[in-house]
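Novice: have a look at this prediction, sequence included:
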Amino acid sequence: MYIAGRPGNQSANSGLLLGRSRWSVFAAGSPGQPAEQANSLMSIATRAPVSAAQSAKDEPRLFSPGNVLPFVLVTALFLFWGIPSNMNDILIKQFMKSFEITRFQAGLIQSAYYMGYFLLSMPAALIMRRYSYKAGLVIGLLLYATGTFLFWPAAIAREYGFFLFALFVVASGAAFLETGANPFIAALGDPRTSERRLNFSQAFNPVGAVAGVLAGTVFIFSGIELNQTEVTALKVVGKYDAYLQHETMRVVTPYLVIGSVIFIWALLILKTKFPKVAEEVHSGAERAKGRFLDLFKHRHFVLGVLAQFFYVGAQVGTWSYYIQYVQDYTRQPEKVAGYFLTGTLVAFGVGRFTATYLMKYVQPSRLMGIFGVINCVLVAIGVVHPGWVGVWALFLTSFFMSLMFPTIFALGIKELGPNTKLGSSLMVMAIIGGAVFPPIEGLVFGATRSMAAAMAVLLVCYAFIAHYAFVGSKVRVPDGEPRVTG
């Protein structure tokens, strides 16, 4: 939201001046005018400026009424890409059992997934820049669906590498969705409500995250965990391979169902007329004027990419090791620790909706800065006071981190003009932070044997995000004067 006056204030003031001039004329009376007519006109004149002033104070709409269907269809995508990213945690455990692989080998699931994001975000932006957001979203959904369908032949072949390729394809599609959906929602309405609009849509992402974890737990996990004696017994009777095949096939049905829904959604978007957002109303030649290197002239964008890198690192770093933190310091069983993880994901979702509401009254950048400082305090408590106090402190960080991704995204791509799609792709590529910070935490844990000490890495992330919110997100216009956004 800009500090400068909102559009419409000028017309309201002019109406007020006009009303005053009319008042002076009619109060004095005009030759030949009855007193009643003068009083009537005077009444109209005095009411007009009040109406204009009220109009100027009206809260801008979150989105225009004519764009309801595109808004709903694209908002659902935020839920859809939250499902597979959180089912990866289920796949890691399941494939360690069905393929008899090490934890390091199972970790390649995350590597393959993040690599899909990293490598396809820029091509996605170029395609959408050449054609439209709608074209990119349809391509992304088709890639996503294709990747899920590949789980069937991968399970039949029982090839772990095939599964990794399928996950790469799913993530490639998700990269298209994130690269297109975030800026499209931000641009689908009044610029003053872009952060609030994007936070509302992003609030459905944790719904997908929780749905993915629950679906994996219910439909993928069989609950059968064999000890070494039982494994030996099955091998003696020649049934162990059948057991492994059965465990591998359990991943197929959930992904086929997800893929079918995604394919249908692609058809719905294909058949729906999408509005042209601001940057798409220009001709192809005008849109082509933007250049990749121009992005680096925008300080708020460059810092936004770094802030997004730190944010995703903090999010993944917290959730990846939260179960271990709970078990290390409270001695709770794995399932109880898993319920805590599910609970913190719910807190994440509640935080998204809460932040969207608070942004009606608090500038988004300021709110994110406050939340960033709060998370610095909560992480510090988790480091200094491991145990139940630390468990609940880290639990609450999900609530306060929830607004960060969409708010950083919306603030970072402001004023990019024809380079908005390219800028969006770099924002999505910053998700690679999720592959960088967990290993760093692992190294700290290996050196200190303390999960609490490893969590201290997250302090750097939240400190940078708070700095970006309060200082780095200010947009500098060509004349060099800062403009406060949010």
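Specialist: Looks like it came in fine.
Novice: continuing past the helix or strand that contains Thr397, what's the next helix or strand?
Specialist: Assigned by DSSP states H and E, Thr397 falls within helix 388-401. Downstream of helix 388-401, the first helix or strand assigned by DSSP H and E is helix 404-412.
Novice: how close does Tyr133 sit to Ala233?
Specialist: Distance, Tyr133 to Ala233, by C-beta to C-beta, to the nearest Å: 57 Å. All C-beta spots, glycine's among them, are computed from the backbone N, C-alpha and C.
Novice: would you map the strands across the protein?
Specialist: With DSSP state E applied, the chain shows strands at 475-476, 482-483, listed in chain order.
Novice: and those strands, which one is worst for confidence?
Specialist: Ranked by mean pLDDT, the strands of the chain bottom out at strand 482-483, which scores a mean of 48.
Novice: and Tyr133 and Ala233? Which one has more around it.
Specialist: Counting neighbours by other C-beta atoms under 10 Å for Tyr133 and for Ala233 shows that Tyr133 has the greater number, 27 against 13.
Novice: the more buried one contacts Ala186, correct?
Specialist: No - between Tyr133 and Ala186 there is no contact under C-beta atoms under 8 Å: 11.1 Å.
Novice: give me the neighbour count for Pro70.
Specialist: 21.
Novice: same check on Ile224?
Specialist: Neighbour number of Ile224 under other C-beta under 10 Å is 10.
Novice: where does the stretch 151-300 of the chain dip in pLDDT?
Specialist: Applying pLDDT under 70 to the stretch 151-300 of the chain picks out residues 278-290.
Novice: can you do 50?
Specialist: Judged by pLDDT under 50, the stretch 151-300 of the chain has its weakly predicted residues at 283, 288.
Novice: my read: Ala175 touches Gly116, true?
Specialist: Yes - in this structure, Ala175 is within contact of Gly116 by C-beta under 8 Å, at 6.1 Å.
Novice: quick one: which of the two has more around it?
Specialist: Counted by other C-beta under 10 Å, Ala175 and Gly116 do not tie: Ala175 has more neighbours, with 30 against 22.
Novice: tell me the contacts of that one?
Specialist: 116-117, 120-121, 124, 140, 428 (C-beta atoms under 8 Å, 6 or more residues apart in numbering).
Novice: hmm, which of these is lowest in pLDDT?
Specialist: Val428 (81).
Novice: can you tell me the closest non-neighbouring residue to it?
Specialist: Leaving aside its sequence neighbours, Val428 sits nearest to Ser121 (C-beta to C-beta, 6 or more residues apart in numbering; 4.3 Å).
Novice: what's next to the helix holding Thr397, contact-wise?
Specialist: Residues outside helix 388-401 that contact it (C-beta under 8 Å, 6+ apart) are 311, 314-315, 318-319, 322, 325-326, 329-330, 340, 343-345, 347-348, 350-351, 354, 371-372, 374-375, 378-379, 381-385, 452, 455, 458, 462.
Novice: for the contacts of Ala175, which one is nearest Phe219?
Specialist: Gly116 (23.3 Å; C-beta to C-beta).
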